[in-house]
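Novice: Starting from these lines, generate the structure:
(chains A and B)
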Amino acid sequence: MYLTHDPIDVGSLAHAVHSPARGGLVIFAGQVRDHHEGRAVRRLEYSAYPAMAEAECRAIVDEAATRWPVAVALRHRLGVLEVGELAVAVAVAGAHRGEAFQACRWIIDEVKRRVPIWKRESYADGSEAWVDPTAPGGTMPAAAPESST
Amino acid sequence: MTASISVLLFARYAELLGAERLELAASAPLTVGAVIERLRSLPGGAQLPAAPLCAVNLRQARLADIVAPGDEVALLPPLAGG
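Specialist: Have a look, this model is predicted:
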């Protein structure tokens, strides 16, 4: 499973790809930022098309393993995340650093390009919006948050 | 045979249509583009783009691709993972 609602443990991903034959370990970890396009972000919520997202993650990991001689571990978090929490992590181990750096960079770029995951941001002023890299300003309006009476 | 096409909506598109899953009656195959036109005629559907990112049975699809009753069509807002 590449998607998880639980906090991501980078150490366990590193352990999963560790081997005495692999001297280079590269980890990318993406964490929730406290700002987006000049607005103060308080938290965000990731959602996915789970079946397709799992299939796309598997395809990316399998393709990386055919392009470089590396072992790969990948997790993407879903649900509500606070600023500073890990949203995604990629661990890549290879015999040498070159293939590990290249594969790790390629994998995170493909995840952002291909995996059906969406992000709803909550701002410090109480408003919310859908992150949309194709929209001017980077977001599209979201329905009003449910009031917590 | 199921005489309908399942449509999955996610994120902002689910908010626009007020549903995460719809069943479109369809007795014969039709294009992905025709499915989207039918969705755009529903309440809230006018704000859907004419050519959104789509998947059929978990694989990315084009507007000209054919879907048949029993297929699952997903409309995917611009991706924002990572």
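Novice: where along chain B do the strands fall?
Specialist: Secondary structure of chain B by DSSP state E: the strands cover B:4-9, B:21-25, B:30-31, B:53-56, B:59-61, B:66-67, B:72-76.
Novice: Make TSV out of those and add mean neighbour count, mean pLDDT and distance to chain A.
Specialist: C-beta coordinates here come from the backbone N, C-alpha and C atoms, glycine included. As requested, the strands of chain B are arranged in TSV below (neighbours: other C-beta atoms under 10 Å in any protein chain shown; pLDDT from 0 to 100; distance: least, C-beta to the nearest C-beta, whole Å):
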stretch	mean neighbour count	mean pLDDT	distance to chain A
strand B:4-9	20	97	7
strand B:21-25	13	96	12
strand B:30-31	16	97	20
strand B:53-56	19	98	6
strand B:59-61	16	96	8
strand B:66-67	18	98	15
strand B:72-76	21	98	5
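Novice: Up against chain B, what does chain A have?
Specialist: A:30, A:46-49, A:51-53, A:55, A:76, A:87-88, A:108, A:111-120, A:130-135, A:140, A:142-143 (C-beta under 8 Å from any C-beta of the partner chain).
Novice: Among those residues, which lie within helices?
Specialist: Using DSSP state H, A:Ala51, A:Met52, A:Ala53, A:Ala55, A:Ile108, A:Val111, A:Lys112, A:Arg113, A:Arg114 are the members of the residues of chain A next to chain B that sit in helices.
Novice: Please export the C-alpha coordinates of stretch B:40-57 as PDB.
Specialist: The C-alpha trace of stretch B:40-57 is given here as PDB (Å, rounded to 0.1, in the frame of the first residue of the first chain):
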ATOM      1  CA  ARG B  40     -22.500  19.300 -17.600                       C
ATOM      2  CA  SER B  41     -26.200  19.400 -18.200                       C
ATOM      3  CA  LEU B  42     -26.900  18.300 -14.500                       C
ATOM      4  CA  PRO B  43     -27.500  20.900 -11.800                       C
ATOM      5  CA  GLY B  44     -24.000  22.300 -10.800                       C
ATOM      6  CA  GLY B  45     -22.400  20.600 -13.800                       C
ATOM      7  CA  ALA B  46     -22.100  23.700 -15.900                       C
ATOM      8  CA  GLN B  47     -18.900  24.600 -14.100                       C
ATOM      9  CA  LEU B  48     -17.200  21.300 -15.100                       C
ATOM     10  CA  PRO B  49     -14.600  21.900 -17.800                       C
ATOM     11  CA  ALA B  50     -15.400  20.600 -21.200                       C
ATOM     12  CA  ALA B  51     -12.300  18.500 -21.300                       C
ATOM     13  CA  PRO B  52     -11.300  17.400 -17.800                       C
ATOM     14  CA  LEU B  53      -8.700  14.800 -17.100                       C
ATOM     15  CA  CYS B  54     -10.600  11.400 -17.200                       C
ATOM     16  CA  ALA B  55     -10.000   7.800 -16.400                       C
ATOM     17  CA  VAL B  56     -11.900   4.700 -17.500                       C
ATOM     18  CA  ASN B  57     -11.500   1.600 -15.400                       C
END
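Novice: what does that stretch contact?
Specialist: A:49, A:52, A:116, B:13, B:16-18, B:22, B:32-33, B:36, B:39, B:60-63, B:65, B:67, B:71-79 (C-beta atoms under 8 Å, 6 or more residues apart in numbering or on different chains).
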